[in-house]
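Engineer: pasting a predicted model and its sequence here:
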Amino acid sequence: MIPKRMILISLILILFISFFGSFIYMLNRQPQKPLGINTPKNSFVFSWKKVSHGISEAEVVRIASSNFGRPAFYAGTSKAIYKSTTGMSSYLASLYLEGSQKQVNDFYVDVLDRAIYAATDSGLYVSLDEGERWEKIYFVKESREEKCYCVLASGSLILLGTSQGLFVSDKNKISWKQFDGYFENKSIFDLLSDQKFIYAVLESDVYRLQSNFERIEKVFSISSQEMDTDDLSGSLADRKVIRSVTIAEGNPSIIWVVSAQGIFYSEDFSKNWKCVPHESLSLDLIMSSIYAHDAFFIAGQKGVYVLQDNGWRPIYQGSEATRFNHLSADAQGNVYAATDTGIFKLLAQNKDSDQSMPITSPVNGDEYFLDEPSIRDVQRASIQYAQVDPEKIKTWQTQVQKKAWLPEFSIGMGGDKNRTTSDNIYGSYTGGGQSYIGPDDKTFYNNFGWDVSLSWDLSDLIWNSEQTSIDSRSKLMTELREDILNEVTRLYFERRRLQYEILGNDNGYSDVDIEKKMRLEELTALIDALTGGTFSQEIERKASYKL
């Protein structure tokens, strides 16, 4: 028989050991980061500065840089390749592309051989003298096989991703061979390399290749079946599921994949993947990504975003562009963007070393702009000029409803005119041979009639088939109106921001406070654009009610 005292002591020891073990576990437990990596301290303020002049086409689709003794930049458009060496902002045409399809899809700078490769819709070009002369080294008879999406140089080999598969050639003796197996007759949209592997990006898969091609394995895949059928109307390059793949500069074990279904990253050379929250980002519109300034950037048809403080922050200041086609970095780590309005350089200002002027007067320069129209006036003017006023749709809908009460009206008329004549011979004498010709027999007809009919389709009172057409037009008009308002709002405040900067030099305004004021006004204007001005009107109404 065990004494009760011993049982009590045993229970106390068990409770103490359990409590102590839980305490030790809590001490050793490491807090889990929300995103794992690339959530840098919010110490930088980013903005854009335009650095392109001399490019004939408004839109630049690709950009790259080289530093073979002196820095040089290469810009690719839908028609040509441009090169800049003087101040990195003045460009001259280096190569005009041939054929009906001419867009530049990718650049690759081969530091080992001091060569520049350009993958285009019309084949692959190479320059061995820093863009002075170009030679076409890949061309086929069929134009559909000629489209080159990406290029990569690895050792003594050139890898070319085309719409019909992966092709490989020796640098010293150009002779292309198709890489059979996994990539045959499949579009290769991107090729990347790090210290150990080569990555081939397909429409919905990512493959990892050993440098000697002895081993190939699929390291990432996402189903293209989940894509919305509405997205299938564009080209293959536009409706690919994997939008961009990036290897972190300086740490090749970190790989980012931006897809239409989510953003993923791996910290162990693509062995394990984790998902990054993307909130309300339109991932199917993303076109490029880059790792720079210890942060991850994505760019697309709605602007550029940086992953900062566990969230995505837009970078809008300094650029009037809306479509960002490509992000690239030079040897010094500076980031450049190829956009629909030219090339922009990303400026990063450290908040901790803010050297803005102290405030000597309040940030209020509104009295300088009394003679200028307000943003709401400009928005209304742009809507009227483009004829996308929402009242237009309401008028159509009202007219369709009234149409049901109006009958179908038809009127008809007919007439018939006729005339007949005849000459009759009668009254002959048999003996004397005489005969008489009778008078002409003439008959006239002149008939005329008309009719009127009215008809109603009472079913139109409940539903009119033309309403479907109006709904479709309304959707297109709404999208067009939003694009116009976003563009005019961006331009308006970019102009006003520049005005404040000029005033700030004379009045000692703080750059930070000016930016906050401009951003607040810009956001208010954007909300007004989406609500027809109701947002500001409601604020004014409630403010007057308090008074």
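Structural biologist: Arrived safely. Residues are numbered from 1 along each chain as shown.
Engineer: which of the residues in the helix or strand where residue 137 lies are buried?
Structural biologist: Applying DSSP states H and E as the criterion places residue 137 in strand 135-138. By neighbour count on 16 or more other CB atoms under 10 Å, the buried set for strand 135-138 is 137-138. Yep, even glycine has a C-beta here, placed from its N, CA and C like the rest.
Engineer: residue boundaries of the strands in the stretch 101-250 of the chain?
Structural biologist: 104-110, 115-120, 123-127, 135-138, 148-154, 157-162, 165-170, 177-178, 190-193, 197-201, 205-210, 216-221, 242-247 (DSSP state E, counting those that start in this stretch).
Engineer: from those strands, which stretch is densest packed?
Structural biologist: Highest mean neighbour count of the strands of the stretch 101-250 of the chain: strand 115-120, a mean of 25 (counted as mean count of other CB atoms under 10 Å).
Engineer: what helices or strands is it leaning on?
Structural biologist: When contacts are defined as 3 or more CB pairs under 8 Å, 6 or more residues apart in numbering; DSSP states H and E, strand 115-120 sits against strand 71-76, strand 104-110, strand 123-127, strand 148-154, strand 157-162.
Engineer: sorry, back to before: Throw the strands of the stretch 101-250 of the chain into a markdown table and include distance to residue 388, thanks.
Structural biologist: Formatted as a markdown table, those follow (distance: least, CB to CB, whole Å):
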| stretch | distance to residue 388 |
| --- | --- |
| strand 104-110 | 34 |
| strand 115-120 | 37 |
| strand 123-127 | 42 |
| strand 135-138 | 45 |
| strand 148-154 | 36 |
| strand 157-162 | 41 |
| strand 165-170 | 45 |
| strand 177-178 | 49 |
| strand 190-193 | 37 |
| strand 197-201 | 38 |
| strand 205-210 | 41 |
| strand 216-221 | 42 |
| strand 242-247 | 30 |
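Engineer: can you redo the ones you listed as a markdown table with distance to residue 62 and mean pLDDT?
Structural biologist: Output for these, formatted as a markdown table (distance: least, CB to CB, whole Å; pLDDT from 0 to 100):
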| stretch | distance to residue 62 | mean pLDDT |
| --- | --- | --- |
| strand 104-110 | 5 | 96 |
| strand 115-120 | 8 | 96 |
| strand 123-127 | 13 | 95 |
| strand 135-138 | 17 | 94 |
| strand 148-154 | 11 | 95 |
| strand 157-162 | 14 | 94 |
| strand 165-170 | 20 | 94 |
| strand 177-178 | 25 | 90 |
| strand 190-193 | 12 | 95 |
| strand 197-201 | 16 | 94 |
| strand 205-210 | 21 | 92 |
| strand 216-221 | 24 | 93 |
| strand 242-247 | 13 | 95 |
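Engineer: my guess is residue 312 meets residue 306, correct?
Structural biologist: Yes. Counting by CB atoms under 8 Å, residue 312 does reach residue 306; the two are 7.2 Å apart.
Engineer: which one's more surrounded, those two?
Structural biologist: Neighbours were tallied for residue 312 and for residue 306 using other CB atoms under 10 Å; the higher tally belongs to residue 306 (23 against 19).
Engineer: contact partners of stretch 106-118?
Structural biologist: Here stretch 106-118 makes contact (CB atoms under 8 Å, 6 or more residues apart in numbering) with 62-66, 68, 74, 76, 81, 95, 104, 119, 124-128, 130-131, 134, 148-153, 158, 171, 190.
Engineer: got the end-to-end distance for that stretch?
Structural biologist: The straight-line separation of the ends of stretch 106-118 (CA to CA, to the nearest Å) is 6 Å.
Engineer: repeat for stretch 161-175
Structural biologist: For stretch 161-175, the first-to-last residue distance is 15 Å (CA to CA).
Engineer: what does stretch 337-348 give?
Structural biologist: OK, stretch 337-348 end separation, CA to CA: 14 Å.
Engineer: tell me the buried residues in that stretch?
Structural biologist: Quick answer for stretch 337-348 (16+ other CB under 10 Å): 337-340, 342-348.
Engineer: and this protein, what are its domains?
Structural biologist: Domains of the chain are assigned by automatic domain parsing as 51-188, 392-461, 466-546.
Engineer: from the chain's centroid, how far away is the last one?
Structural biologist: The chain centroid and the centroid of domain 466-546 are separated by 21 Å under CA atoms, centre = their mean, to the nearest Å.
Engineer: try stretch 197-214
Structural biologist: Distance, centroid of stretch 197-214 to centroid of chain: 26 Å (CA atoms, centre = their mean).
Engineer: cool, and stretch 106-113?
Structural biologist: Computed by CA atoms, centre = their mean, the chain-centroid distance of stretch 106-113 equals 27 Å.
Engineer: what does stretch 199-215 give?
Structural biologist: 27 Å.
Engineer: stretch 398-413 now?
Structural biologist: On the basis of CA atoms, centre = their mean, stretch 398-413 sits 45 Å off its chain's mean C-alpha point.
Engineer: have a look at the buried residues of stretch 337-348 and tell me the least confident one.
Structural biologist: Across the buried residues of stretch 337-348, the bottom pLDDT score, 85, is held by residue 348.
Engineer: what residues sit buried inside stretch 305-321?
Structural biologist: Judged by neighbour count (16+ other CB under 10 Å), stretch 305-321 contains these buried residues: 305-308, 312, 315-321.
Engineer: narrow those residues to those in helices?
Structural biologist: Using DSSP state H, no member of those sits in helices.
Engineer: from the residues you listed, which ones fall inside strands?
Structural biologist: Among the buried residues of stretch 305-321, DSSP state E puts 305-308, 312, 315 in strands.
Engineer: would you point out the most distant pair within the residues you listed?
Structural biologist: Put simply, by CB to CB the two of these set farthest apart are 307 and 315, 11.5 Å from each other.
Engineer: overlap in contacts, those two.
Structural biologist: Counting by CB under 8 Å, 6+ apart, the residues touching both residue 307 and residue 315 are residue 297.
Engineer: what mean pLDDT does stretch 315-335 have?
Structural biologist: Stretch 315-335 comes out at a mean pLDDT of 88.
Engineer: quick check: end-to-end length of that stretch?
Structural biologist: The first and last residues of stretch 315-335 sit 13 Å apart, counting by CA to CA.
Engineer: figure out how far it is from the centre of its chain.
Structural biologist: Centroid separation for stretch 315-335 versus its chain: 14 Å, with CA atoms, centre = their mean.
Engineer: coming back round to it: now the strand holding residue 137, how far from the centre of its chain.
Structural biologist: Using CA atoms, centre = their mean, the offset of strand 135-138 from its chain centre is 31 Å.
Engineer: now do stretch 58-73
Structural biologist: On CA atoms, centre = their mean, the centre of stretch 58-73 falls 22 Å from that of its chain.
Engineer: okay, the helix or strand hosting residue 66 in CSV with CA atoms only?
Structural biologist: Counting by DSSP H and E, the element that carries residue 66 is strand 62-67. This file holds the C-alpha atoms of strand 62-67, laid out as CSV (Å, rounded to 0.1, in the frame of the first residue of the first chain):
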residue,chain,number,x,y,z
ARG,A,62,13.1,45.6,-72.9
ILE,A,63,16.2,47.1,-71.4
ALA,A,64,19.7,45.9,-70.5
SER,A,65,23.1,47.3,-69.6
SER,A,66,26.7,46.3,-70.1
ASN,A,67,30.0,47.6,-68.6
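Engineer: please name the strands paired to it in the sheet, noting orientation.
Structural biologist: Sheet partners assigned to strand 62-67 using DSSP bridges are listed as strand 71-76 (antiparallel).
Engineer: and the angle from the strand it pairs with to strand 115-120?
Structural biologist: Put simply, strand 71-76 runs at 10 degrees to strand 115-120, going by axes from the mean of the first three to the mean of the last three CA atoms, to 10 degrees.
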